[in-house]
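A.B. asks: I would like the atomic coordinates for the input below:
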Amino acid sequence: DELLDGICALMREQAWLPEFAARVYRVSRGDRGERLAWVKVTGGTLHAKQMIAGRSGAEAWEQKIDQVRIYNGEKYELAQEVAAGGICAVTGLAHVRPGDALGAEPAGDAPVIAPVLTYTVLPGEHDVHVVFKALTELADEDPMLGVSWNTHLEQIHLQLMGAVQLEVVQRVLADRFGLSVAFESGGILYKETISQPVEGVGHFEPLRHYAEVHLRLEPLPAGSGVQFGTVTSTDELDLNWQRLALTNAMERDHLGVLTGSPITDVRITLTGGRAHAKHTEGGDFRQATYRAIRQGLMQAREAGAAVLLEPWYHFELEAPGECVGRALSDATRMGAEYEPPTMAGDRAKLVGRVPASEVQDYALEVAAYTSGRGHLYLEFAGYAACHDAERVIETAAYEPEADLPNTPDSVFCSHGAGYTVKWYDVPAAAHVKVDPATFRSYRPADPTFFCH
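C.D. replies: Numbers count the residues shown, from 1 in each chain. This is a model prediction of the structure:
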């Protein structure tokens, strides 16, 4: 009682926002499998059946809260409203992730947390699709967990932060879903980008099919992700076909041509295309769009403009002064970029950034050579150029032209039969000659673009 009275006496009374605001701090599942979003109300009042607006990445959404639950252990009571300062669980919000801001709650400047390792899931005796569904449910609850399905290899790939998180996932799969799975040793989650603009062309014309797509691929600043838009006039390509081509471009991750890693920090702009009034079907534009992106990436590789990216950490290393020589030697060996060390009494501090691939178990080394008196702090600093790209590319031994589900080649038709044209000959064989004089102002592929 005295401790709690002391805490109450010392803490300031919170000034809550007058309008509704809340922060999601957890996502879980109820006894019947229903999705629960756990929130702290930081302004106004949260009501049952209230419409909530929010964002998931670039996508804006609006949904209605169904139930508001006040939990006590495993049991709960339904509430009609929760005032600022209260915590509760709500049902009905399908899009929220832990850390999301709702209503007037500011987004804040929380450190970026992103998975940097990738593992292959070994389902053992379990059906791979059952395992994939379970992992997808876990990824829905944890923003630090990524799950992807490799259609060509029929494998599940898991992206996460490290070995401890992997153990947690393994235990939850066993306890909640009764699934005993193993994982292949993890590797760094690389990405790819380009350093200069390129034009990509894709053509898909087997018998009784037709679509051609022209795209411009341009580099974007680090951390921008992949953006999509169009400059194509509706006189050159009907708006419905433009929407279809960009929908196809946005529906999947596209792989780079150096190691087969996902591309990022690229703007993909539709610059032209053609459909056939009689023979074009929806899937034709999908094929032409995929091939156009890959053909552009192959041209970037040919021009030396394809860039391999790796995750980097911002690091702070504190160690006794007599250990600073070892710390500097290790930082140089790991390819780190750092400022000169600073001294505070008998302790040294080294600050900089380091490739994630080089620092996986380094915290244990620090503890060993400083006899437990040193500390390593790491924070994800985004993706940047790979410090040993040649070695990684050689080890991956990726052959982009042999990756048939992601082929850069195109299909043309002659005398009633389709035939393949290699990617480097596609621009000369293309039916459409793009004229920049016909371009309209750039229009991003946002929700307004797809509205009728």
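A.B. asks: which stretches of the protein form helices?
C.D. replies: Under the criterion DSSP state H, helices of the chain are mapped to 2-10, 128-141, 163-177, 239-250, 282-302, 324-333, 362-369, 389-396, 426-429.
A.B. asks: Please tell me how far the closest residue to residue 366 other than its chain neighbours sits from residue 318.
C.D. replies: Take residue 366 and drop its neighbours on the chain: the residue closest to it by Cβ to Cβ, 6 or more residues apart in numbering is residue 374, 4.4 Å away. Bear in mind the C-beta positions are built from the backbone N, C-alpha and C, glycine included. In this view, residue 374 and residue 318 are 6 Å apart by Cβ to Cβ, to the nearest Å.
A.B. asks: repeat for residue 324
C.D. replies: Noted for residue 324: a distance of 10 Å to residue 318, by Cβ to Cβ.
A.B. asks: joint contacts of the two?
C.D. replies: Counting by Cβ atoms under 8 Å, 6 or more residues apart in numbering, the common neighbours of residue 324 and residue 318 are 348, 350.
A.B. asks: about what we covered before: pick the most deeply packed of the helices of the chain.
C.D. replies: For the helices of the chain, average neighbour numbers computed from mean count of other Cβ atoms under 10 Å are highest in helix 282-302, which has a mean of 23.
A.B. asks: could you give the angle of that one to helix 239-250?
C.D. replies: 60 degrees (axes from the mean of the first three to the mean of the last three Cα atoms, to 10 degrees).
A.B. asks: Helix 282-302 packs against which elements?
C.D. replies: Judged by 3 or more Cβ pairs under 8 Å, 6 or more residues apart in numbering; DSSP states H and E, the packing partners of helix 282-302 are strand 191-194, strand 198-204, strand 211-219, helix 239-250, strand 266-275, strand 410-414.
A.B. asks: The third one: partners in the sheet, and parallel or antiparallel?
C.D. replies: If I follow you right, that is strand 211-219. strand 198-204 (antiparallel), strand 266-275 (antiparallel) (DSSP bridges).
A.B. asks: Could I get the buried residue list for it?
C.D. replies: Buried residues in strand 211-219, counted by 16 or more other Cβ atoms under 10 Å: 211, 212, 213, 214, 215, 216, 217, 219.
A.B. asks: And it, how far out from the chain middle?
C.D. replies: How far strand 211-219 lies from its chain's middle: 22 Å, per Cα atoms, centre = their mean, to the nearest Å.
A.B. asks: got it, and the last one?
C.D. replies: Mean C-alpha position of strand 410-414 versus that of the full chain (Cα atoms, centre = their mean) differs by 35 Å.
A.B. asks: Quickly list the domain ranges of this structure.
C.D. replies: Domain assignment for the chain by automatic domain parsing gives 14-103, 117-189, 190-452.
A.B. asks: okay, those domains in CSV with distance to residue 1 and mean pLDDT next?
C.D. replies: As requested, the domains of the chain are exported to CSV (distance: least, Cβ to Cβ, whole Å; pLDDT from 0 to 100):
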stretch, distance to residue 1, mean pLDDT
domain 14-103, 21, 89
domain 117-189, 36, 87
domain 190-452, 36, 94
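A.B. asks: And those: which comes nearest residue 5?
C.D. replies: Comparing these by their distance to residue 5 (Cβ to Cβ), the top pick is domain 14-103, with 18.1 Å.
A.B. asks: Could you tell me the end-to-end distance of that closest one?
C.D. replies: Start-to-end span of domain 14-103 (Cα to Cα, to the nearest Å) is 18 Å.
A.B. asks: Contact partners for residue 40?
C.D. replies: Contacts of residue 40 by Cβ under 8 Å, 6+ apart are 22, 23, 25, 85, 86, 87.
A.B. asks: mind checking how far it is from residue 54?
C.D. replies: Separation of residue 40 from residue 54 (Cβ to Cβ) stands at 15 Å.
A.B. asks: Now residue 180: phi and psi?
C.D. replies: Main-chain torsions, residue 180, degrees, to the nearest 10: phi -110, psi 110.
A.B. asks: measure the closest residue to it other than its chain neighbours to residue 25 for me?
C.D. replies: Leaving aside its chain neighbours, residue 180 sits nearest to residue 174 (5.8 Å; criterion: Cβ to Cβ, 6+ apart). Using Cβ to Cβ, residue 174 is found at 25 Å from residue 25.
A.B. asks: and the buried residues of strand 211-219 as TSV, adding distance to residue 141?
C.D. replies: Below are the buried residues of strand 211-219 laid out as TSV (distance: Cβ to Cβ, whole Å):
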residue	distance to residue 141
211	39
212	43
213	37
214	41
215	36
216	38
217	35
219	34
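A.B. asks: List just the nearest of these to residue 191.
C.D. replies: For the buried residues of strand 211-219, the nearest to residue 191 is residue 219 (13.0 Å; Cβ to Cβ).
A.B. asks: and the closest residue to that closest one other than its chain neighbours, how many residues sit next to it?
C.D. replies: The shortest distance from residue 219 to any non-neighbouring residue, by Cβ to Cβ, 6+ apart, is to residue 194 (5.2 Å). Using other Cβ atoms under 10 Å, residue 194 has 23 other residues around it.
A.B. asks: Near residue 38, how many other residues are there?
C.D. replies: Neighbours around residue 38, by other Cβ under 10 Å: 18.
A.B. asks: Go ahead and confirm it touches residue 82.
C.D. replies: No - using Cβ atoms under 8 Å, residue 38 is not in contact with residue 82, being 11.7 Å away.
A.B. asks: Common neighbours of the two, please.
C.D. replies: Shared contacts of residue 38 and residue 82 (Cβ under 8 Å, 6+ apart): residue 88.
A.B. asks: hey, which of the strands paired with strand 211-219 is tucked in deepest?
C.D. replies: strand 198-204 (a mean of 26).
A.B. asks: Pull the residues that contact that strand.
C.D. replies: Residues from elsewhere that reach strand 198-204, judged by Cβ under 8 Å, 6+ apart: 210-217, 271, 284-285, 287-297, 299-300, 303, 305, 410-412, 421, 426-427, 429-431, 434.
A.B. asks: Repeat the analysis, applying 7 Å as the threshold.
C.D. replies: For strand 198-204, contacts defined as Cβ atoms under 7 Å, 6 or more residues apart in numbering pick out 211-217, 284, 287-293, 295-296, 299-300, 305, 410-412, 426-427, 430.
A.B. asks: Tell me the confidence at residue 113?
C.D. replies: What the model reports as pLDDT for residue 113 is 65.
A.B. asks: Just give me the neighbour total for residue 448.
C.D. replies: 8.
A.B. asks: now the one 3 residues further on
C.D. replies: As a burial measure, the neighbour count of residue 451 was computed by other Cβ under 10 Å and equals 7.
A.B. asks: could we number from 13 for the rest of this?
C.D. replies: Sounds good: first residue 13 from here, last item residue 463.
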